[in-house]
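> Mind looking at a prediction? Sequence and model below.
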Amino acid sequence: MRKHIQLLGVLHIVYHGFGLLIGIGLFVLLSAIGAITGDETAIGILSLIGFILGGLLSVLAIPGIIAGIGLLNARSWARILAMIVACFDAFNIPIGTALTVYTFWVLLNDESIKEFSHVS
């Protein structure tokens, strides 16, 4: 089961890392489009939308990355955090849903619970 926990940690880091990159990319893209237009209103509105949407995606990705790192280091708090993050991932069909199912299958297994109970 230890291999599944390690794989799950890597999957959370990669999946949420892409979310972080998309959030940053969205901010940069919308700001660049506003700048290309040369219109002050377009620059302001597109930069604001990029900041809000990109910031939201980035903020939502950070707990998933932290949970993945914690799983790789077998921290007991990471098990709970990964399950909470997985609940939010379930709405991102189909990849997020698959990651949610795998997260719960791995982390609710009796062997996994024992694995995390020995480590603080």
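Yep, that arrived.
> what's the helix or strand for the most centrally placed residue in the chain?
The centre of the chain sits closest to H16, judged by CA atoms, centre = their mean, with a distance of 2.8 Å. Element membership for H16, per DSSP states H and E: helix 2-37.
> ok, now which ones touch the residue nearest to the centre of the chain?
With contact taken as CB atoms under 8 Å, 6 or more residues apart in numbering, H16 is in contact with 61-65, 68, 85. The way it works is simple: take the backbone N, C-alpha and C, and place the C-beta from them, glycine included.
> And for G44?
So G44 contacts G34 (CB under 8 Å, 6+ apart).
> Then L71?
Contacts of L71 (CB under 8 Å, 6+ apart): 5-6, 8-9, 12, 78-79, 82.
> Under the pLDDT cut-off, which ranges of the chain? List them.
119-120 (pLDDT under 70).
> buried stuff in the helix holding H16?
Neighbour counts over helix 2-37 (16 or more other CB atoms under 10 Å) mark 4-5, 8-9, 11-13, 15-16, 19-20, 22-24, 26-27, 30-31, 34 as buried.
> Could you do stretch 91-102 as well?
Buried-residue list, stretch 91-102, by 16+ other CB under 10 Å: 96, 99-100.
> and if you look at stretch 78-85?
78-79, 81-83, 85.
> cool, stretch 63-82 as well?
Per 16+ other CB under 10 Å, stretch 63-82 contains these buried residues: 63-68, 70-72, 74-75, 78-79, 81-82.
> All set, thanks.
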